[in-house]
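J.: Need coordinates for the below:
(one chain, ligands or ions: 1)
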Amino acid sequence: MTDKTQSIHKEWSSRFAFILAATGSAVGLGNIWKFPYITGENGGGAFVLVYLLCVAGLGVPIMIAEIMMGRRGRQSPVNTMQTLAREAGADPRWHYLGWMGMAAGFLILAYYSVIAGWSMAYIFKAFFGGFFSSDAADIKALFDDLMASPVQQIFWHTLFMVITMQVVMRGVRGGLEKAVRFFMPALFFLLLILVGYAMTSGSYQQGLDFLFTPDFSKIDADAVLTAMGHAFFTLSLGMGAIMVYGSYLPGHVSIAKTTFFIAGADTVVALLAGIAIFPLVFANHLEVASGPGLIFQTLPLAFGHMGGGWLFGVLFFLLLFVAALTSSISLIEPGVAWLVENRDMDRAKACVWAGSACWLLGVAVVFSFNIWAEYKFFGKNLFGLLDYLTANLMLPIGGLCIAVFTGWIMKSAHAEQELELPAEGFKVWYVLIRNFAPPAVFLVFLHVIGVF
Ligand code: PFF
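T.: Residues are numbered from 1 along each chain as shown. Model (predicted):
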């Protein structure tokens with residue numbers, strides 16, 4: 001390690017700080033924007049059940065593995081993989097896993113920033129009374145307007161990217177810990193208020209039935225892949241984000257306990273978002289499968305109707321923006337850490353390079369919602385393609401490699417030493433990471449390509 005590497009490798013001030021940052025990374029647009037719309041597109045209950053099983057059976061053990069690898073390697077994911085492969089006497093090409101992760105983070109941030117831009121636009125729409133109309137058609141027109149305007153979307157996307165890079169430039173500690181400590185509980189509280197409102201919508205039970213009554217005839221192999229991919233996406237797994245955060249983790253912290261907390265909080269937020277949104281969808285006779293615009297076309301209806309809706313509307317989209325920000329930071333951090341370590345850049349310069357490239361791809365994503373909407377790749381626009389490529393392919397492949405590496409390549413004694421679990425707990429984790437996760441992910445892939 002060079003001096004510089006060591007100097008950027010400051011540790012979190014406490015276990016709590018790490019929990020905040022990792023929870024900030026996990027809880028984001030994935031929980032509130034993506035989970036409801038993909039659940040709507042994939043028929044509800046059965047999809048939710050597969051997603052929950054993937055979080056518990058794959059997400060939790062792989063998160064433990066990824067944090068553990070980061071803490072042992074103590075560098076950016078590319079260099080951590082190199083160090084760990086050397087330590088295990090394995091093929092140095094394992095460090096390509098770090099490269100894939102960096103690429104995935106970059107590709108995700110390009111569209112993530114555009115969607116985060118939508119939520120920023122909605123803070124202002126809410127503020128200027130855009131939700132006062134309680135008519136579903138008006139609220140839909142508001143969203144369609146934004147979609148049709150490259151100028152508006154590029155403006156918000158640019159602003160979001162600039163803010164993200166500003167925060168990343170200051171390093172992992174600074175403002176991030178404070179932001180998460182305050183905003184996360186506030187977001188949680190607002191979701192509870194929205195659930196309370198959903199209870200009065202007249203379609204609460206119908207919403208719950210949709211979310212929690214599994215009908216397996218509604219899902220196919222691709223839906224299973226989407227549920228699995230989303231488990232990785234929502235927990236920020238498979239691309240080094242959690243690994244790089246783990247690399248700043250002090251030695252004495254219990255990785256397993258921390259993981260349970262993060263995965264639990266993440267799941268509760270997603271379910272609350274679903275419970276708040278689907279009753280509104282049914283009460284207003286909206287389309288459950290209306291896609292990425294779902295929350296932007298439903299929640300404003302609630303804000304238009306409820307007492308104090310103006311304030312809650314502004315607050316909600318503000319909190320969604322902060323949740324997106326704390327996730328975005330972790331999407332670009334592996335790339336920035338690598339540029340600093342290997343290209344001899346300071347953090348500021350690394351941020352400008354990484355941020356500008358990501359911004360440019362984001363502009364193309366904006367166009368894919370309007371002037372380039374007719375350009376399709378495998379039947380998807382650029383946004384859909386990037387989402388499929390990253391969430392459904394790159395993250396599960398990354399997760400699979402992490403499971404294979406920790407379960408089969410790394411010495412189990414090293415993992416045991418790092419995790420400090422009780423013997424029984426370690427055994428359960430080891431079976432899941434070694435014997436369950438790799439074949440499970442692999443089988444889902446085989447199913448998708450139609451092998452069985
Ligand atoms: N987990 C984030 C969300 O649910 O919005 C998205 C994300 C962040 C994915 C960081 C992957 C990642 F590395």
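
J.: Contact partners for the residue in the chain that the ligand sits nearest to?
T.: Nearest to the ligand in the chain, going by Cβ to the nearest ligand atom, is Gly30, at a distance of 2.1 Å. (Each C-beta comes from the backbone N, C-alpha and C, glycine too.) Residues near Gly30 by Cβ atoms under 8 Å, 6 or more residues apart in numbering: 230, 233-234, 270, 327.

J.: then stretch 276-295 to CSV, C-alphas only?
T.: Extracted in CSV, the C-alpha atoms of stretch 276-295 (Å, rounded to 0.1, in the frame of the first residue of the first chain):
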residue,chain,number,x,y,z
ALA,A,276,-48.4,2.8,0.8
ILE,A,277,-48.6,2.7,-3.0
PHE,A,278,-50.8,-0.2,-4.1
PRO,A,279,-54.0,0.7,-2.3
LEU,A,280,-53.8,4.1,-4.1
VAL,A,281,-53.2,2.4,-7.4
PHE,A,282,-56.4,0.4,-6.9
ALA,A,283,-58.5,3.1,-5.4
ASN,A,284,-57.7,5.4,-8.4
HIS,A,285,-58.1,2.6,-11.0
LEU,A,286,-54.6,3.1,-12.1
GLU,A,287,-52.5,0.5,-14.0
VAL,A,288,-50.4,-1.6,-11.7
ALA,A,289,-47.9,-2.3,-14.5
SER,A,290,-47.4,1.3,-15.5
GLY,A,291,-43.6,1.1,-15.1
PRO,A,292,-41.0,3.6,-13.8
GLY,A,293,-43.6,6.4,-13.5
LEU,A,294,-45.7,4.5,-10.9
ILE,A,295,-44.8,6.4,-7.7
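
J.: do it and the ligand meet?
T.: No: judged by Cβ under 6 Å from any ligand atom, stretch 276-295 makes no contact with the ligand; its nearest approach is 12.8 Å.

J.: for that stretch, the distance to its chain's centre please.
T.: How far stretch 276-295 lies from its chain's middle: 21 Å, per Cα atoms, centre = their mean, to the nearest Å.

J.: buried residues in that stretch?
T.: Of all the residues in stretch 276-295, those buried under the rule 16 or more other Cβ atoms under 10 Å are 276-284, 286, 288, 290, 292-295.

J.: Identify the residues contacting it?
T.: By Cβ under 8 Å, 6+ apart, the list of residues contacting stretch 276-295 from outside reads 32-33, 36-37, 40-41, 44, 115, 136, 140, 143, 147, 191, 194-195, 197-199, 201-204, 206-208, 210-211, 273, 297-299, 301-302, 383.

J.: Now, of those residues, which are buried?
T.: Here, 16+ other Cβ under 10 Å leaves 32-33, 36-37, 40-41, 44, 115, 136, 140, 143, 147, 191, 194-195, 197-198, 201, 203-204, 207-208, 210-211, 273, 297-299, 301-302, 383 buried among these.

J.: Let me know the outermost residue of this protein.
T.: What lies farthest from the middle of the chain is Gly89; by Cα atoms, centre = their mean that is 32.8 Å.
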